[in-house]
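Dropping a prediction and its sequence here:
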Amino acid sequence: MVTLTSFGLRHTLWTVIVLVFFMESAMGNFAKSFYIHWNTTNSIFRIDNTDHVFDLNKGNAQFEYDQVNIICPVYTPGTYEEDTEKYIIYNVSKEEYDTCRITNPNPRIIAICDKPHKLMFFTITFRPFTPQPGGLEFLPGKDYYFISTSSKDDLHRRIGGRCLTNNMKLVFRVCCKPEDQSPVPPPQPTLPPPPPPPTTSTTTTTTTTSKPVTKKTHKYDKAENEVIKSEELSHSRGAALASSLALALAASAVLAPLAR
Ligand SMILES: *[C@@H]1O[C@H](CO)[C@@H](O)[C@H](O)[C@H]1NC(C)=O
């Protein structure tokens, strides 16, 4: 009798967990993370493709915002300074993007990659609000343009540079204009209201984070960035699971007296 009851309870619990998990997927996709190696050898900067245009927040659930991680060029300790690439990356207007000429006297700096022997990356969350004063805000339906006009000899130059010589510029299209905002199907009337967004995700949504890694600085290799990537992935999955679990626990608290 006792075992039957506890089996029933456990069964209910798992059903709730699975149900909540699938409901969250049905509501929209998890936020995505993009990893961009900002250096001349990255093929996304080639002019013969359209890889330099990023569509962000497309089909995401409410309050799920994509992140872009800009990874600075990094080299082995022995590499000569003159063989390294350094950049300042700016957010600019479309005209400045098109011409590779920054005319704004105070352009917004997105990233400073001036330590070629440190693994550094900058995480940008494409959301329309920010907790910090002066933080970056990215409005739906707008395009944002990031360029670097740094050259081999002049990190601070604002005209030409590798924007012109190596096409080092990217476009970020933030979804969605109000008129095309119907990628998420309306919830089924029979389903209970969707659970609140996972609260744990808000703790890591700092707008621009510089994370210099002080450990061993290898010449940039894929493995190191795979680690970052899997951390990110496990984070968003973990947050969803955590919220599912929280709901399941709440449900079991309600169901427990009934099972007696
Ligand atoms: C980026 O630059 C454009 C053009 O100067 C400006 O309108 C926009 O507010 C800037 N965005 C951010 C996030 O700084």
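Nice, I can see it. Numbers count the residues shown, from 1 in each chain.

going forward, measure contacts and count neighbours with C-alpha atoms only.
Fine.

Output stretch 38-45 in PDB, but only the C-alpha positions, please.
Provided in PDB are the C-alpha atoms of stretch 38-45 (Å, rounded to 0.1, in the frame of the first residue of the first chain):
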ATOM      1  CA  TRP A  38      37.600  38.500 -34.000                       C
ATOM      2  CA  ASN A  39      40.600  38.000 -36.200                       C
ATOM      3  CA  THR A  40      41.500  38.300 -39.900                       C
ATOM      4  CA  THR A  41      41.600  34.600 -40.500                       C
ATOM      5  CA  ASN A  42      38.000  34.000 -39.500                       C
ATOM      6  CA  SER A  43      36.000  33.300 -42.600                       C
ATOM      7  CA  ILE A  44      32.900  35.100 -41.400                       C
ATOM      8  CA  PHE A  45      34.700  38.400 -42.400                       C
END
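
which parts of that stretch are buried?
For stretch 38-45, a neighbour-count test (16 or more other CA atoms under 10 Å) marks 38-40, 44-45 as buried.

Provide the backbone phi and psi angles at the residue nearest to Ile159 when sequence neighbours are not counted.
In space, and not counting its chain neighbours, Ile159 is closest to Arg101: 4.5 Å by CA to CA, 6 or more residues apart in numbering. Note on Arg101: backbone dihedrals following degrees, to the nearest 10 are phi -130, psi 110.

and the buried residues of stretch 38-45 as CSV, adding secondary structure, pLDDT and distance to Pro105?
Formatted as CSV, the buried residues of stretch 38-45 follow (DSSP: H, G, I helix; E, B strand; the rest coil; pLDDT from 0 to 100; distance: CA to CA, whole Å):
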residue, secondary structure, pLDDT, distance to Pro105
Trp38, coil, 98, 24
Asn39, coil, 97, 25
Thr40, coil, 97, 26
Ile44, helix, 96, 28
Phe45, helix, 96, 26
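
Save the residues you listed as TSV, and put in distance to Pro128 too.
Converted to TSV, the buried residues of stretch 38-45 look like this (distance: CA to CA, whole Å):
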residue	distance to Pro128
Trp38	24
Asn39	28
Thr40	30
Ile44	26
Phe45	27
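
since we're on Gly78, how many residues are nearby?
8 (other CA atoms under 10 Å).

Look up the pLDDT of it for me, please.
On the pLDDT scale, Gly78 is placed at 93.

swap in Asn42?
Asn42 is given a pLDDT of 97.

With Thr130 instead?
87.

can I assume it is in contact with Leu139?
No - counting by CA atoms under 8 Å, Leu139 is not a contact partner of Thr130; they are 11.2 Å apart.

quick one on the thing from earlier: mind putting the buried residues of stretch 38-45 into TSV with distance to the ligand?
Output for those, formatted as TSV (distance: CA to the nearest ligand atom, whole Å):
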residue	distance to the ligand
Trp38	19
Asn39	21
Thr40	23
Ile44	21
Phe45	20
